[in-house]
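Could you look at this predicted model? Sequence included:
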Amino acid sequence: MESLNDFFVSIRKYVLDDLGVNALINNRFYGHHISTLTNPVFPTATYEILAGVPSAAGITEDFEMNISAYSEISYDEASDVYTKVMQRLNNAIIPTRISIYAQRTATTFYEPTGRLFTVVGRVRVVRIP
């Protein structure tokens, strides 16, 4: 059975295998909230599980995950990173029995104190453990 850590590694590897994504964020795609990173370099992207629920038979697991992109330069840069990551993930079927579907329109905001532009969206992940 695949562990949660294997799941994180699979998602990260799948996204970063895309040359367009990697060109923008250079391996900076983390399975943590941005607040847990020490001195992050921007632009960057993160993914974090919000909830995970096994099905009735324990055959599948459904997760909701936030996909977030951050920039210190501009909304456009954060949006470009988010768009590339989502293009890679949306309707993806990752070889380790993971399917991903976009759920909501992205939300954008600006944090004036830290001067951080952010784009956040949510995906549904179906995993067969």
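Here it is on my side, so go on.

Please count neighbours and contacts with C-alpha atoms only from this point.
Fine.

Confirm that Asn5 lies within a strand, as I assumed.
No: counting by DSSP: H, G, I helix; E, B strand; the rest coil, Asn5 is not found in a strand; it is helix.

So it versus Ile11, what's the distance?
Remark: distance between Asn5 and Ile11 (CA to CA, to the nearest Å) = 10 Å.

Thr108 is in contact with Ser71, correct?
No: judged on CA atoms under 8 Å, Ser71 makes no contact with Thr108 at a distance of 11.6 Å.

And those two? Which one has more around it.
Taking neighbours as other CA atoms under 10 Å, Ser71 and Thr108 compare with Ser71 leading, 23 against 15.

Model confidence score at that one, please.
Confidence at Ser71, expressed as pLDDT, is 96.

what's the answer for Asp62, then?
78.

count of residues packed around it?
If you count neighbours by other CA under 10 Å, Asp62 ends up with 18.

The one 10 residues further on now?
Applying other CA under 10 Å, we find 18 other residues in the vicinity of Glu72.

what does Phe29 give?
Phe29 has 23 neighbours, counted by other CA under 10 Å.

quick check: longest helix of the chain.
In the chain, ranked by residue count with DSSP state H as the criterion, the top helix is helix 75-89.

For that helix, name the packing helices and strands.
helix 4-16, helix 19-25, strand 44-54, strand 61-71, strand 98-102, strand 116-127 (3 or more CA pairs under 8 Å, 6 or more residues apart in numbering; DSSP states H and E).

Any chance of the backbone angles for Ile73?
For Ile73, the backbone dihedrals (degrees, to the nearest 10) come out as phi -90, psi -50.

For Ile49, see how far away it is.
For Ile73, the distance to Ile49 (CA to CA) stands at 27 Å.

When these two are compared, which one has more neighbours?
Ranked by neighbour count (other CA under 10 Å), Ile73 and Ile49 place Ile49 first, with 18 against 13.

Which residues are in contact with the more buried one?
63-66 (CA atoms under 8 Å, 6 or more residues apart in numbering).
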